[in-house]
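Undergrad: Curious how this folds, go ahead:
(one chain, ligands or ions: 3)
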Amino acid sequence: MSDHRSPDTGFRTSLLEENDGPAVNPTDNRTMGEIIAARFSRRGFLKGSLAVSAIAATVSPLALVAADDARAAEASAFTFDELEAGIDDKHHVAPGYDADVLLRWGDPLFADSPEFDPAKQSAEAQAKQFGYNNDYVGYIPIDGSAEHGLLVVNHEYTNPHLMFPGIVKIVDKDGKKAAEVAPLSKEQVDVEMAAHGGSIVEIRKDGGKWQVVRDGKLNRRITSNTEMQLAGPAAGHDRLKTNADPSGTKVIGTFNNCAGGVTPWGTYVMAEENIHGYFSGELPEGHKEAANYKRLGIPEGAYEWGAHYDRFNLAKEPNEANRFGWIVEVDVNDPASVPRKRTAMGRFKHEGAESIVAKDGRVVFYLGDDERFDYAYKFVTTGKFNANDLAANKDLLDDGTLHVANFGEDGTVEWMPIVFGQGPLTAENGFASQADVLIETRRAADLLGATKMDRPEDIQPNGANGKVYVMLTNNSKRKAEQVDAANPRASNAFGHIIEISEDGGDFAAAKGKWEVLLKCGDPSVAEVGATFSTATTANGWFGMPDNCAVDSAGRLWVATDGQGPKATGRTDGLWAVDTEGAARATSKLFFRVPIGAEMCGPLFAPDDQTAFVAVQHPGDGGEDWEAFGRPSYYEDLSTRWPDFKPDMPTRPSVVAITKKGGGKIAV
Ligand code: FEO
Ligand code: CA
Ligand code: CA
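TA: Ligands and ions are numbered 1, 2, ... in the order given. The predicted structure follows:
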């Protein structure tokens, strides 16, 4: 924690702007961000999209592209009237739609849950309430229904400065205001631990509106204290043994669950992403895990859990960090089931785990490792999916082959198997077994020569057209000499999307072809080099693609993380992106989040009549927000949240978007 302590006050300085870990709302786009910032005066921000449109109009050669615009607009798969981009403290949806808050941090999930009271939080209450910072959202139908099912939601991380009153103080640093967060009490750490993990919540659509079934018998909270089992090739390995668990198979809890997935057999998978922030202390001198931990940035110490619990202190439990960074599978049909960490799927900063059944019945999971210069993976099960007996699939994830992507300059992608004994993955390089290879997946992929990507986030297979979309958020650290075909921009401030076509339309194929679908950013700024179609309006472009979804018509929707006043002059949101025909690379804004938030989810109900979106950390960020007429996070909880109006989601929330009068979204 020392790097987060002020030498003068002993207080922790703001978690927000300094690290690359769980508490970052990435705005790592200084170079290009400054170019954009110069285009938006502060007054311009206040006027929102009007200002944006005016600027675009002065530089865009509209007359020349009118014909293209008409063709693309005609061909677009999306018919909704576009929302205006902008910045304020509310969420907004395109005209003709309702966006209703379904679940917010603190909402009771059980008949005996206490009502949310931000001034009287306790771990016990939080463990019975909806957790913090909702990221992944999945839907598991009950009896095949599109209007009655289980919503599964990851709670990625906590923002103590937004959760607890009275822990922030303002100091002057070089004449600038800065926030410092007081050390948390053990009780507050316990609330944080209970606010992480996931929620499984029965929901039902009634009269066109979704409701939480508070006494749903499958409702469940999973937290950083839920007992779990390590399963697969690394389970029981010496490197996973601790004082509390000499078996190396029993682990307590999960955290930093970013995106995830629902398997074809109806289980919920949670990806453990930025695990480094939760560990503090130092490994004993010369410890054998030193290089392994360094590759993952462990310990980063952003959280104070190690001050209260030995297992998060590397000096006391040097192996505990090897028990995190996995994919966790949860059987939602039994609230007492023990979640399993599936070690066969590798250990890294797992972003998501979207899956699809391949032609021969094996199941393919696409996995991103969200860090600058890290890799895109896919896992192919050895066994085949059994659609007639879902229970027969229960351990499919313990046996399979993990692959890492090598994106060739010639437009081919090779999925390289990560298998002990093959190529460089041998004793010569310090691997004694497949368990070793999986525990140090990143190092194994390094040795195989995988392509260093610009932060691989969600990777989404599309069963409708056989394509796979890879979201690459950004990478301001890529230098000109590090540019390659698949990561074509130096100082990549705004990210890009790659489209993969697996060979023969077979998702389990060892090879495929790839191309860049979209380079993101403001297309009216030549230096940005964005490649949206000319039919994309001044509201329609975006930066920092992060999460995504494909609806049942096979259309792509992209959610962003890291926009804002300095970066793009607009908040994060959900954009509909055409991928086919003349409209390809045309993007339209559908929903946007309140200031400081990132856009997660998204997810379409099986009948496409609802889009569920997750609004993470609304209100987060620096002092800039004050200039936009909203209180900054420096103020006390009571003044920041004078009320909890459902239409002003100042708490992290899941929002259900439906068409007024009913019907499918965006058609
Ligand atoms: Fe948790 Fe990579 O977003
Ligand atoms: Ca994400
Ligand atoms: Ca994110």
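
Undergrad: how about stretch 363-375, does it get close to ligand 1?
TA: Yes - using Cβ under 6 Å from any ligand atom, stretch 363-375 reaches ligand 1 at residue 370. The way it works is simple: take the backbone N, C-alpha and C, and place the C-beta from them, glycine included.

Undergrad: which of the residues in that stretch are buried?
TA: Buried residues in stretch 363-375, counted by 16 or more other Cβ atoms under 10 Å: 363-372, 374-375.

Undergrad: between those, which is nearest ligand 3?
TA: Of all these, residue 370 has the smallest distance to ligand 3: 7.4 Å, by Cβ to the ion.

Undergrad: Tally up the residues packed near the closest residue to the closest one other than its chain neighbours, please.
TA: The shortest distance from residue 370 to any non-neighbouring residue, by Cβ to Cβ, 6 or more residues apart in numbering, is to residue 351 (4.4 Å). Here the number of neighbours of residue 351 (other Cβ atoms under 10 Å) works out to 32.

Undergrad: can you check the one 5 residues further on too?
TA: Other residues near residue 356 come to 19 when the count uses other Cβ under 10 Å.

Undergrad: re earlier: is it true that the residue nearest to residue 370 touches residue 366?
TA: No - between residue 351 and residue 366 there is no contact under Cβ atoms under 8 Å: 9.7 Å.

Undergrad: For those two, list the residues in contact with both.
TA: Shared contacts of residue 351 and residue 366, defined by Cβ atoms under 8 Å, 6 or more residues apart in numbering, are found at residue 459.

Undergrad: so where's this protein shaky on pLDDT?
TA: Low-confidence segments of the chain (pLDDT under 70): 1-66, 170-172, 176-179, 621-650.

Undergrad: Show me the two of the buried residues of stretch 363-375 that sit farthest apart.
TA: Spatial extent of those (Cβ to Cβ) is set by the pair 363 and 372 at 29.6 Å.

Undergrad: Would you mind listing the residues in contact with the residue of the stretch 301-450 of the chain found nearest ligand 2?
TA: Relative to ligand 2, the nearest point of the stretch 301-450 of the chain is residue 351 (5.6 Å; Cβ to the ion). Residue 351 makes contact with 258-259, 271, 273, 367-370, 456-459, according to Cβ under 8 Å, 6+ apart.

Undergrad: quick one: the residue of the stretch 201-350 of the chain found nearest ligand 3 from residue 304, how far?
TA: Minimum separation of the stretch 201-350 of the chain from ligand 3 (Cβ to the ion) falls at residue 258, amounting to 6.4 Å. Going from residue 258 to residue 304 by Cβ to Cβ, to the nearest Å gives 21 Å.

Undergrad: cool, residue 85 as well?
TA: 38 Å.

Undergrad: quick one, what contacts the one residue in the stretch 51-200 of the chain that gets nearest to ligand 2?
TA: Taking Cβ to the ion, ligand 2 has its nearest neighbour within the stretch 51-200 of the chain at residue 135, 6.0 Å off. Residues near residue 135 by Cβ under 8 Å, 6+ apart: 153-156, 257-259, 547, 600, 614, 616.

Undergrad: Would you mind naming what in this protein lies close to ligand 2?
TA: Within the chain, the residues that sit near ligand 2 (Cβ under 5 Å from the ion) are 258-259, 457, 546-547.

Undergrad: tell me the two of the contacts of residue 351 that are most distant?
TA: Greatest spacing in the contacts of residue 351, by Cβ to Cβ: 273 and 459 (13.8 Å).

Undergrad: the more surrounded of those two?
TA: Relative neighbour count places residue 273 above the other of residue 273 and residue 459, with 31 against 26, counting by other Cβ under 10 Å.

Undergrad: Find the nearest non-adjacent residue to residue 664, please.
TA: residue 608 (4.4 Å).

Undergrad: so which helix or strand takes in that neighbour?
TA: Assigned by DSSP states H and E, residue 608 falls within no helix or strand.

Undergrad: sec struct for whichever residue of the stretch 151-300 of the chain sits closest to ligand 1, please.
TA: Of all residues in the stretch 151-300 of the chain, residue 258 sits closest to ligand 1, with a separation of 3.4 Å (Cβ to the nearest ligand atom). With DSSP: H, G, I helix; E, B strand; the rest coil as the basis, residue 258 sits in strand.

Undergrad: again with residue 601
TA: Classification of residue 601 by three-state DSSP places it in strand.

Undergrad: neighbours of it, just the number please.
TA: 28.

Undergrad: wait, what's in contact with it?
TA: 136-137, 547, 549, 559, 611-614, 654.

Undergrad: Kindly reformat the residues you listed as JSON lines containing neighbour count.
TA: Converted to JSON lines, the contacts of residue 601 look like this (neighbours: other Cβ atoms under 10 Å):
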{"residue": "136", "neighbour count": "30"}
{"residue": "137", "neighbour count": "27"}
{"residue": "547", "neighbour count": "31"}
{"residue": "549", "neighbour count": "22"}
{"residue": "559", "neighbour count": "28"}
{"residue": "611", "neighbour count": "27"}
{"residue": "612", "neighbour count": "24"}
{"residue": "613", "neighbour count": "29"}
{"residue": "614", "neighbour count": "28"}
{"residue": "654", "neighbour count": "29"}
